[in-house]
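Trainee: Below: sequence and its predicted model.
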Amino acid sequence: MTDIVSALAQLFDVAVVRTLLGGLLLLLGAGISFLVARKFAVTIVSRTIARTRTQWDDALSNRGVFTQATYLVPAVVLYYGLAFFPGSIDMVERAILAYVVVNLVIVTSRMLSAGVDIYQTYPISHRRPIKGYIQLANLVVYALGGALAICTLLAISPWGILSGLGAMTALLILVFRDTILSLIASVQIAAYDLVRRGDWIEMPQLGVDGDVIDVTLHTFRVQNWDKTIVTVPTHKLIEDSFKNWRGMTESGGRRIKRSILIDQTSIKFLDKAALDRLSQINRLEPYLTGKQKELAGDNADLGKNTDLLNRRALTNIGTFRAYVEAYLRDNSKIHQGMTFLVRHLPISPNGLPLEIYVFTNDTEWGRYESIQADIFDHLLAALSTFELRVFQNPTGFDMQWIGGTSAVTLDS
């Protein structure tokens, strides 16, 4: 037993053995410190965060800031533990410092991302997105951190590397062309408030028609109405034209611009029987009363036997147009403070277009379509009351009817 103790004492007197054992103990201490920080400290911090009402600490936890910071603990233990080894290699110290720099860069990047998460909880984030600027800041942090880590590892001044970047400007511009263009575009988008998250935009040339779900430094993403997601470079918003429907949403009115094609052969003057029948329509009573007085005054000097074309008379298309206007005026779902037109468009081979140009006071897509459909359902059904017909090209049914009529004519 004495011999064994003596042999161990002689072995520990060897510097190399002492260094190896000390190194192993130091590594063991660093490992234990990491486990303590990871298993206990992070757990305590997470439980404390869960009990708070603030959101910024939740964002830091969700982004893994505290978890990443635990990787710094063993580095600190190793760095200060090397003081007990007078003959320690300088390269080891530099490697530890470079490792610390890399971890600090990662922690800083995650903190910036957490800042974006916190910012997006405020309403202003929809008008002034900062995700693109944070990505640029991350790029700068990683570039500077990488340069600093390399300089620390090689024991050279960082100013030497940074000064050499001037000669690489042309190469950097070529490599980071899209980043530079996107940065300029992001500044313009934010300055002029061109696009926000949640805006409905259209870019037909790029297949974009939907809501903006994300705006970053390099790209913006749009979820189209068919639920596909289109990713487009941010600078395309400046280079190409696009339509933003935000103005429609903010105005509180959505446009209806649709025509009913009237068969021109059904247009005629109204006789007394038609006038009496249409006078029963409450919406038309004020119009017909006023119009008949106006026409009676204009036709007073013409006599009773004057030809119809020599005097003014009401037509079914004009009366129907007045009815459409009155019907829309009474519709509570039509915005009365915006453009309100019921007009004729130029006659075409497809009939006379009677265009309705109004705005609904509900901009939600589904309800807007329902309002529009209800209006045209009613007006199409009302056409026959005015002895008007909708123009449409002959269908198979029309051909069958013509064929049946011809057959009957030939048989007779």
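Mentor: Sure, I can see it.
Trainee: where does the stretch 251-400 of the chain dip in pLDDT?
Mentor: 303-306, 398 (pLDDT under 70).
Trainee: Mind jotting down where the strands sit in it?
Mentor: All strands of the stretch 251-400 of the chain, identified by DSSP state E, counting those that start in this stretch, fall at 254-262, 341-344, 352-360.
Trainee: So which residues make contact with the last one?
Mentor: Same thing as strand 352-360. Outside strand 352-360, the residues within contact range by C-beta atoms under 8 Å, 6 or more residues apart in numbering are 253-262, 264, 267, 317, 320-321, 324, 328, 333-335, 338-346, 368, 371-372, 375, 379, 391. For every residue, glycine as well, the C-beta is placed using N, CA and C.
Trainee: before we move on, what about the first one?
Mentor: Strand 254-262 is contacted by residues 248, 317, 339, 345, 350-360, 362-363, 368, 371-372, 375-376, 379-380, 383, 388-392 when judged by C-beta under 8 Å, 6+ apart.
Trainee: Could you do the second one as well?
Mentor: Contacts of strand 341-344 from elsewhere in the structure, counted by C-beta under 8 Å, 6+ apart, are 321, 324, 325, 328, 352, 353, 354, 355, 356, 357, 358.
Trainee: Parallel or antiparallel, list what pairs with that strand.
Mentor: strand 352-360 (antiparallel) (DSSP bridges).
Trainee: Sort out which residues of the strand it pairs with are buried, please.
Mentor: 352, 353, 354, 356, 358, 359, 360 (16 or more other C-beta atoms under 10 Å).
Trainee: for stretch 311-327, same thing?
Mentor: 314, 316-327.
Trainee: related to what we said a few turns ago, now the buried residues of strand 352-360 as JSON lines including distance to residue 110?
Mentor: Formatted as JSON lines, those follow (distance: C-beta to C-beta, whole Å):
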{"residue": "352", "distance to residue 110": "66"}
{"residue": "353", "distance to residue 110": "60"}
{"residue": "354", "distance to residue 110": "62"}
{"residue": "356", "distance to residue 110": "56"}
{"residue": "358", "distance to residue 110": "52"}
{"residue": "359", "distance to residue 110": "48"}
{"residue": "360", "distance to residue 110": "47"}
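Trainee: Now render the strands of the stretch 251-400 of the chain as JSON lines, adding distance to residue 283.
Mentor: Converted to JSON lines, those look like this (distance: least, C-beta to C-beta, whole Å):
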{"stretch": "strand 254-262", "distance to residue 283": "17"}
{"stretch": "strand 341-344", "distance to residue 283": "13"}
{"stretch": "strand 352-360", "distance to residue 283": "15"}
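Trainee: residue nearest the centroid of this protein?
Mentor: residue 212 (1.3 Å; C-alpha atoms, centre = their mean).
Trainee: which residues does the nearest residue to that residue once chain neighbours are set aside contact?
Mentor: Take residue 212 and drop its neighbours on the chain: the residue closest to it by C-beta to C-beta, 6 or more residues apart in numbering is residue 199, 4.9 Å away. By C-beta under 8 Å, 6+ apart, the contact set of residue 199 is 211, 212, 244, 245, 246.
Trainee: Residue 330 too?
Mentor: residue 283.
Trainee: Tell me the bridge partners for the residue nearest to residue 372 when sequence neighbours are not counted.
Mentor: Spatial nearest neighbour of residue 372, excluding adjacent residues (C-beta to C-beta, 6+ apart): residue 256 at 5.2 Å. In this entry, residue 256 is beta-bridged to residue 358, by DSSP bridges.
Trainee: Residue 256 and residue 378: what is the separation?
Mentor: 13 Å (C-beta to C-beta, to the nearest Å).
Trainee: Those two - which one has more neighbours?
Mentor: residue 256 (19 against 12; other C-beta atoms under 10 Å).
Trainee: now the more buried one: how far from residue 74?
Mentor: Taking C-beta to C-beta, one finds residue 256 at 68 Å from residue 74.
Trainee: try residue 68
Mentor: For residue 68, the distance to residue 74 - C-beta to C-beta - is 13 Å.
Trainee: max-length helix in the chain?
Mentor: The longest helix of the chain (DSSP state H) is helix 90-119.
Trainee: I'd like the next helix or strand past it.
Mentor: helix 124-127 (DSSP states H and E).
Trainee: So which bits of that next one are buried?
Mentor: residue 125.
Trainee: Off-centre distance for it?
Mentor: 12 Å (C-alpha atoms, centre = their mean, to the nearest Å).
Trainee: do stretch 309-322 as well
Mentor: Taking mean C-alpha positions (C-alpha atoms, centre = their mean), stretch 309-322 and its chain are 49 Å apart.
Trainee: Stretch 292-303 too?
Mentor: With C-alpha atoms, centre = their mean, you get 60 Å for stretch 292-303.
Trainee: Pull the residues that contact it.
Mentor: Against stretch 292-303 from outside (C-beta under 8 Å, 6+ apart): 275, 306, 310, 311, 312, 313, 314.
Trainee: let's go with 10 Å and repeat that
Mentor: Residues outside stretch 292-303 that contact it (C-beta atoms under 10 Å, 6 or more residues apart in numbering) are 275, 279, 306, 310, 311, 312, 313, 314.
Trainee: Looking at the residues you listed, which is nearest residue 52?
Mentor: For the contacts of stretch 292-303, the minimum distance to residue 52 (C-beta to C-beta) is 73.7 Å, reached by residue 279.
Trainee: From start to finish, how long is stretch 333-343 in a straight line?
Mentor: End-to-end distance of stretch 333-343 (C-alpha to C-alpha, to the nearest Å): 20 Å.
Trainee: Now it: buried residues?
Mentor: Applying 16+ other C-beta under 10 Å to stretch 333-343 flags 334, 335, 338, 342 as buried.
Trainee: Check stretch 99-115 too.
Mentor: 99-115.
Trainee: How far away from the center of its chain is that stretch?
Mentor: 29 Å.
Trainee: what about it, average pLDDT?
Mentor: Averaged across stretch 99-115, the pLDDT comes to 88.
Trainee: And for stretch 41-52?
Mentor: For stretch 41-52, the mean pLDDT works out to 82.
Trainee: My read is that residue 59 contacts residue 52, right?
Mentor: No. Using C-beta atoms under 10 Å, residue 59 makes no contact with residue 52, being 11.9 Å away.
Trainee: okay, these two: which has more neighbours?
Mentor: Taking other C-beta under 10 Å, residue 59 and residue 52 do not tie; residue 59 has more neighbours (22 against 10).
Trainee: can you list contacts of the helix or strand hosting that one?
Mentor: Here residue 59 sits within helix 56-62, counting by DSSP H and E. Residues outside helix 56-62 that contact it (C-beta under 10 Å, 6+ apart): 42, 45-46, 48-50, 52, 65-67, 69, 110-111, 113-121.
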